[in-house]
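[1] how would this look folded up:
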Amino acid sequence: MMITFSSIIRKHSLSLQIKKERARILEDPKALLPVAFVSFKGRWGAAVAAQTQQTKNPTVWLTDWAPEPQDVYWRNLSIPFVELTIRKLLLAVAFFLLVFFFMIPITFVQSLANLQGLSEKLSFLKPLENMDFFSSFVQGFLPGLVLKIFLLLLPALLMFMSKIEGHISWSALERRTAAKYFIFLVVTVFFGSILTGTASQQLNKFIKEPPSDIPNTIGDSVGQKALFFVTYIMVDGWASNALEILRLKPLIIFHLRNMFLVKTERDRQKAMDPGSICLYQNLPKIELYFLLAIIYAPITPILLPFIIIYFGFSYLVYRNQVINVYDQQYESAGAFWPHLHTRIISCAIIQQIAMIGVLALKSEGKFTPYLIPLPIVTFTFHLYCKNRFEPAFRKYPLAEAMAKDTLERAVEPTFDLRSYLEDKYMHPVLKEAENADSISDDSDEEPPLIPLRHP
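    From the prediction side, this is the model:
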């Protein structure tokens, strides 16, 4: 690598400018945010400050546990408290409208499964209606593929909405996005596919049949959509596992960056960074497949092998990805689990209500009274788990904090936590500038060779 005198002068000039700008920002009172990361000598003091109300007016000082340095989402730290409330309200309305209007493409997807109805509206399809291959493709494979295409940009859109809500950590952003995505999948993909398909196919029956026969029509709709969900699992679940293990998208992005953006070894390292596993995108899909499994197990068991194959390959694929590929960005101490538990309970309650309806239709109400207590018992169990175990994820016991502080003082009496945390919560831009200042300006030596990792 050739280093010229002009490049050395330019580098020195840029370093001085960065140093002056950093000093100006640190001394400018307008650059201060109404938020602070406070460190304590021990866990007990931190637990008391984080878990108690500091002032008579609860909005004057808002204290909470700080996320770890790698977990902080710096852009949202400057949002005022009142603005946070307004943002969350507006985003809740926007999310409702998004779910509501997404029923339009769901209706279109379900119309693809009815080739006879399509051929009546589109006359050029009538000659193809009797072709077995074409009818199998349109009615079986195409609806799941089209729905998958409609859902491609949804996780990124929901993450953008969560960022607007004002969460200050990446883990909170992923949890909120995962919650939105799960609700979206259950309402649109599951209920939307069933109800939209039933409305388009059974509207005449609702009008002509007596009211006593309408529950039979609704009860049969779940079984009618089994084939659609089989194809959806194959297109979305099986294909996503294959794409995950191949990692075609990161491979293409790496080569594009390598051709146009990479100029230094540091740029190459950034281009090869695999990132962390996308929990907000993967967990809601797993929860949806769990819901489909427990609902269709007693109704249409043919669906189970497809879901079991998906779960089996998902375990093998993501076990390898977590161990050998991804670099997790943060650690949140299992903060995802309470949300996951709530969604599992929600899936169980939906399945129990669906079974009550199915058995009420099939057995003429003979066994329905025995199933009515099930959702009540399940919800009661959820409340017990929430009251008994959720505080372990939200609060830190003072007795445990005192015990660990005492043990730490006895084992490591010279440990200085303040020096360790001194620059951990510095803004990444300022930290990079500080690191750049500390680098020697000796550019005569060749930079050390860094072994490259596979993308």
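[2] what's the distance between R10 and V186?
    57 Å (C-beta to C-beta, to the nearest Å). The C-beta positions use only the backbone N, C-alpha and C, and glycine is treated the same way.
[3] which residues in the stretch 1-150 of the chain form helices?
    With DSSP state H, counting those that start in this stretch applied, the stretch 1-150 of the chain shows helices at 5-27, 43-50, 81-101, 103-112, 115-121, 132-136, 142-150, listed in chain order.
[4] cool, the stretch 151-300 of the chain as well?
    Counting by DSSP H, counting those that start in this stretch, the helices of the stretch 151-300 of the chain are 154-165, 170-184, 193-208, 214-224, 226-232, 239-246, 248-260, 265-271, 279-296.
[5] let me have those in a markdown table, extended by distance to S39, mean pLDDT and mean neighbour count.
    As requested, those are exported to a markdown table (distance: least, C-beta to C-beta, whole Å; pLDDT from 0 to 100; neighbours: other C-beta atoms under 10 Å):
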| stretch | distance to S39 | mean pLDDT | mean neighbour count |
| --- | --- | --- | --- |
| helix 154-165 | 27 | 92 | 17 |
| helix 170-184 | 20 | 94 | 22 |
| helix 193-208 | 51 | 55 | 15 |
| helix 214-224 | 55 | 59 | 15 |
| helix 226-232 | 49 | 83 | 21 |
| helix 239-246 | 39 | 89 | 15 |
| helix 248-260 | 37 | 85 | 12 |
| helix 265-271 | 30 | 80 | 14 |
| helix 279-296 | 28 | 92 | 21 |
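[6] please name the residues that touch V262.
    Contacts here follow C-beta atoms under 8 Å, 6 or more residues apart in numbering; on that basis V262 touches R268, A271.
[7] would you mark the buried spots in stretch 12-20?
    Neighbour-count burial for stretch 12-20, with 16 or more other C-beta atoms under 10 Å as criterion, is recorded at I18.
[8] for R10 and V186, indicate the residue with more neighbours.
    Higher neighbour count among R10 and V186: V186, with 20 against 11, using other C-beta atoms under 10 Å.
[9] so who does the more buried one touch?
    Shown in contact with V186 (C-beta under 8 Å, 6+ apart): L288, L291, S346, I350.
[10] distance to S314 added to the helices of the stretch 151-300 of the chain, as a markdown table?
    Output for these, formatted as a markdown table (distance: least, C-beta to C-beta, whole Å):
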| stretch | distance to S314 |
| --- | --- |
| helix 154-165 | 17 |
| helix 170-184 | 16 |
| helix 193-208 | 22 |
| helix 214-224 | 25 |
| helix 226-232 | 15 |
| helix 239-246 | 6 |
| helix 248-260 | 18 |
| helix 265-271 | 28 |
| helix 279-296 | 7 |
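[11] from the contacts of V186, pick the one nearest H382.
    S346 (8.7 Å; C-beta to C-beta).
[12] okay, now that closest one: neighbour count?
    18.
[13] please apply the same query to E408.
    Neighbours of E408 using other C-beta under 10 Å come to 14.
[14] please name the nearest non-neighbouring residue to it.
    Distances taken as C-beta to C-beta, 6 or more residues apart in numbering place F415 nearest to E408, at 6.7 Å, with adjacent residues excluded.
[15] surely the one you found is within a strand?
    No. Assessed with DSSP: H, G, I helix; E, B strand; the rest coil, F415 is coil; it does not lie in a strand.
[16] I'd guessed it sits against D405; true?
    No. Applying C-beta atoms under 8 Å, one finds F415 not in contact with D405, separated by 11.2 Å.
[17] looking at those two, which is more packed in?
    Set F415 next to D405 and count neighbours by other C-beta under 10 Å: D405 wins out with 18 against 10.
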